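Undergrad: Sequence first, predicted coordinates after that:
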Amino acid sequence: PTPETEFVLKKFGLTAPQVVEDVAGKDLYLVDYSDLAQAPKGMDSATVLGIVDHHKLGDVTTSSPLEAWIWPVGCTGTVLKNMYDFYGVELPKAIAGGLLCAILSDTVMFKSPTCTEADKKAVEALAKVAGVEDVMALGMEMFTVKSAVDGASMSDLYPAKYFLANNTDKLNVQIFTANEFNYDTPSWVNEHTFVITCSLGGSTPETVEANKTAKKHNCPVVSLTNKAGSALTVDADYVIVHGFHANFAAKCEKPGYAIALAVEILQQTEGYDHYEDMITGLTNVFELCENAAQHCKKLAKKFAEDFKDDKMIYFMASGASEKMAYSHAAFLFTEMQWIDAAAYNTGEYFHGPFEVSTEGKPYVFFMSDGATRPMDARALTFLERMGAKVALIDSKDYGLADAVPASVVTYFNPLLHLAVMREYGNQ
């Protein structure tokens, strides 16, 4: 189960359902889908008795009439709740809790454009049965857990890649999504290629496969994961287990440990003049990130209030933080909150996007301390002059330079931006 599913099962005392991989010869109800591509094996000899769904009707066909509950609502849980009512079946407390959580998740706590009044009424009724007094607080608990999704964006490795590529004289440093590496493996990959992979829960199929791809080419593999003994560790030569759930500092460990690994690779292959400064930064940055996330709560609440009605939000960053802007736009906002978002590098902003910056347009701006700050400052000045609505997360405001030596401060911005943006996302 996903972390979110595990949370719901535990909270309401539910047992995970059996995983059925072959339905040949069985009588079925299809729940939450009606496309054959999503169905298990054996559908050609199964009997579909009914469909319960909130998506468009798929390509499933039947040889006899069936029961069909397909409603234009935000969640199949809403349909199921109404089925209980229609048939006069008493709804158990635990099931009510599970359906309640399903609706909150699918509708992103009523923010999804597919959410309807029927979903809201179902939640209200289910909450009474499940004994949940504050459904939005429950939703926030789920969102926090859901933020710990399995897998990892390449943004988690990008700060390490940025550091290593900027400082090496000898190494060819590249970064790929896992499936890019699997499907279009570079011709130069061989036993001299050092491969680093990461997956939070260690079970992301394409990342596990990337380890296998690397081993086929005799590459040494290091894997970063939060779960020791996971599938990702099977083909890894070395495993680095990082934290995540404990606090904001732990959420920064994955990219932080990747940076530490990059620092050691550079030091041991060709030496690095600022090695001790990087060690100092790595020693201090996690506590700084925790403090920053704790101290930004008022600003985070103001951000949530100011931006809550925006349908599209733009992220801007530079340098080592560029992919942090990308990942928060793509995943924390677009995927998890159904708010469309896009990310720009401040260095490219004046090559086109600046032309459509208008008054009130919403931006989240990751401002770096260090080498690329002049790029950020120019873009920020223009946005302010145009009257754009800007949520500024500036590393200088959180004292990054007090914790990290100036010679290497530019490489630590993404960890601080990650910690603060996590709290902004929570709000």
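TA: Sure, I can see it. Keep in mind the model is a prediction, meaning the values are calculated, not measured.
Undergrad: CA only for contacts and neighbour counts going forward, please
TA: Noted.
Undergrad: Surely C198 is in a strand?
TA: Yes - assessed by DSSP: H, G, I helix; E, B strand; the rest coil, C198 belongs to a strand.
Undergrad: What sits closest to it if chain neighbours are left out?
TA: Nearest non-adjacent residue to C198, counting by Cα to Cα, 6 or more residues apart in numbering: L224, 4.5 Å away.
Undergrad: Can you name the element that comes right after the helix or strand containing that neighbour?
TA: Element membership for L224 (DSSP states H and E) is strand 221-225. As assigned by DSSP H and E, the chain's next helix or strand after strand 221-225 is strand 238-241.
Undergrad: and the gap between the closest residue to A228 other than its chain neighbours and L299?
TA: Leaving out its chain neighbours, the residue that sits closest to A228 by Cα to Cα, 6+ apart is V241, at 6.4 Å. Between V241 and L299 the computed distance is 32 Å (Cα to Cα, to the nearest Å).
Undergrad: confidence score at the residue nearest to C198?
TA: At L224, the pLDDT value in this model is 93.
Undergrad: P374 now?
TA: You'll see P374 listed with a pLDDT of 97.
Undergrad: so who does the residue nearest to A228 touch?
TA: The contact partners of V241, by Cα atoms under 8 Å, 6 or more residues apart in numbering, come to L224, T225, N226, K227, A228.
Undergrad: Beta-bridge partners for the nearest residue to E67 once chain neighbours are set aside, please?
TA: Closest residue to E67 apart from its sequence neighbours, by Cα to Cα, 6+ apart: G50 at 4.3 Å. Beta-bridge pairing for G50 (DSSP bridges): Y29, E67.
Undergrad: Look up how far T116 lies from G50.
TA: According to Cα to Cα, G50 stands 23 Å off from T116.
Undergrad: can you tell me which helix in the protein is longest?
TA: In the chain, taking DSSP state H as the definition, the longest helix is helix 275-295.
Undergrad: Let me see the mean pLDDT of that one.
TA: In this model, helix 275-295 has a mean pLDDT of 95.
Undergrad: Off-centre distance for the following helix or strand past that helix?
TA: Following helix 275-295 in sequence order, the next helix or strand is helix 297-307 (DSSP H and E). Put simply, helix 297-307 sits 20 Å off its chain's centre (Cα atoms, centre = their mean, to the nearest Å).
Undergrad: And the next helix or strand past helix 297-307?
TA: As assigned by DSSP H and E, the chain's next helix or strand after helix 297-307 is strand 312-317.
Undergrad: hey, C-alpha coordinates of that following strand in PDB?
TA: What follows is strand 312-317, C-alpha atoms only, in PDB (Å, rounded to 0.1, in the frame of the first residue of the first chain):
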ATOM      1  CA  MET A 312      -2.100  28.700 -12.000                       C
ATOM      2  CA  ILE A 313       1.100  29.400 -10.100                       C
ATOM      3  CA  TYR A 314       4.500  30.000 -11.500                       C
ATOM      4  CA  PHE A 315       7.800  29.000  -9.800                       C
ATOM      5  CA  MET A 316      11.100  30.700 -10.400                       C
ATOM      6  CA  ALA A 317      14.600  29.700  -9.300                       C
END
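Undergrad: and the end-to-end length of stretch 406-415?
TA: Chord length of stretch 406-415, first to last residue, is 16 Å (Cα to Cα).
Undergrad: now what about that stretch, what contacts it?
TA: Taking Cα under 8 Å, 6+ apart as the rule, stretch 406-415 contacts 159, 162-163, 252, 255-256, 274, 277-278, 281, 285, 289, 319-321, 324, 368-372, 395, 400-401, 404.
Undergrad: Sort out for me which of those are in helices.
TA: Filtering the contacts of stretch 406-415 for helices - DSSP H - leaves 159, 162-163, 255-256, 277-278, 281, 285, 289, 324, 400-401.
Undergrad: And the furthest pair within the residues you listed?
TA: Across the ones in helices among the contacts of stretch 406-415, no pair lies farther apart than D277 and M324, at 23.0 Å, counting by Cα to Cα.
Undergrad: More neighbours: these two, which one.
TA: The residue with more neighbours, out of D277 and M324, is M324; 28 against 16, by other Cα atoms under 10 Å.
Undergrad: That one contacts L418, doesn't it?
TA: Yes - counting by Cα atoms under 8 Å, M324 touches L418, with 6.9 Å between them.
Undergrad: Give the residue spans of this protein that score low on pLDDT.
TA: Along the chain, the parts satisfying pLDDT under 70 run over 1, 144, 146-152.
Undergrad: coming back round to it: which one of the contacts of V241 is nearest to A379?
TA: Comparing the contacts of V241 against A379 with Cα to Cα places L224 closest, at 34.8 Å.
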